[in-house]
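Chemist: Just a sequence and a predicted model for now, questions to come.
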Amino acid sequence: QVQVQESGGGLVRVGDSLKLSCQASGSTSRRAMGWLRQAPGRDRELVAGVSSGGTVYISSSVEGRFTISRDARDNTVSLQMNYLKPEDTAVYYCAVTQRGGRQNLVQEYQYVGQGTQVTVSS
């Protein structure tokens, strides 16, 4: 069983940066860790994920602006968000897959946090 807790959301302006952090409890060995987001009226989407071996997936909608990093020693994953846009406004969720889960498939993220709100004002 894995539990995750996000932190770092908030209200920012267009072009600003924000860093989200996530602390996982329980073993994340052989599990991918990532970030999902859901905007009002839209489906939950996978923003970025990283496998236990360090393979990274970044959604095309944020590529070049967002960076995901993982620290296996601390059981943490972070999302550095730069050049934020209004369309990045959403609730962001930290998530962990089951063992062997792929970092680039949203449906494989089994353990999901409660979410943190990111609002980008224009």
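Modeler: Yep, that arrived. Residues are numbered from 1 along each chain as shown.

Chemist: Tell me which residues touch the residue positioned nearest the centre of the chain, please.
Modeler: By Cα atoms, centre = their mean, the chain has its centre lying nearest to residue 35, at 1.7 Å. Residue 35 is in contact with 20, 22, 46-49, 68, 77, 79, 92-95, counting by Cβ atoms under 8 Å, 6 or more residues apart in numbering. Just so you know, the C-beta spots here come from the backbone N, C-alpha and C atoms, and that holds for glycine as well.

Chemist: what do you get if the cut-off is 7 Å, keeping everything else the same?
Modeler: Residues near residue 35 by Cβ atoms under 7 Å, 6 or more residues apart in numbering: 20, 47, 48, 68, 79, 92, 93, 94.

Chemist: what helix or strand does it sit in?
Modeler: strand 33-38 (DSSP states H and E).

Chemist: measure stretch 40-53 end to end?
Modeler: Using Cα to Cα, to the nearest Å, one end of stretch 40-53 lies 33 Å from the other.

Chemist: Check which residues of it are buried.
Modeler: Of all the residues in stretch 40-53, those buried under the rule 16 or more other Cβ atoms under 10 Å are 44, 46, 47, 48, 49, 50, 51, 52.

Chemist: what's the average pLDDT for that stretch?
Modeler: Mean pLDDT, stretch 40-53: 96.

Chemist: which residues touch stretch 61-80?
Modeler: Here stretch 61-80 has contacts from 19-24, 28, 33, 35, 47-48, 50, 56, 58, 81-83, 94, using Cβ under 7 Å, 6+ apart.

Chemist: Please pick the buried ones from those residues.
Modeler: Buried among the contacts of stretch 61-80 (16+ other Cβ under 10 Å): 20-22, 24, 28, 33, 35, 47-48, 50, 56, 58, 81, 94.

Chemist: Most widely separated two among those?
Modeler: Largest separation among those by Cβ to Cβ: 28 and 81, giving 21.9 Å.

Chemist: Great, nothing more from me.
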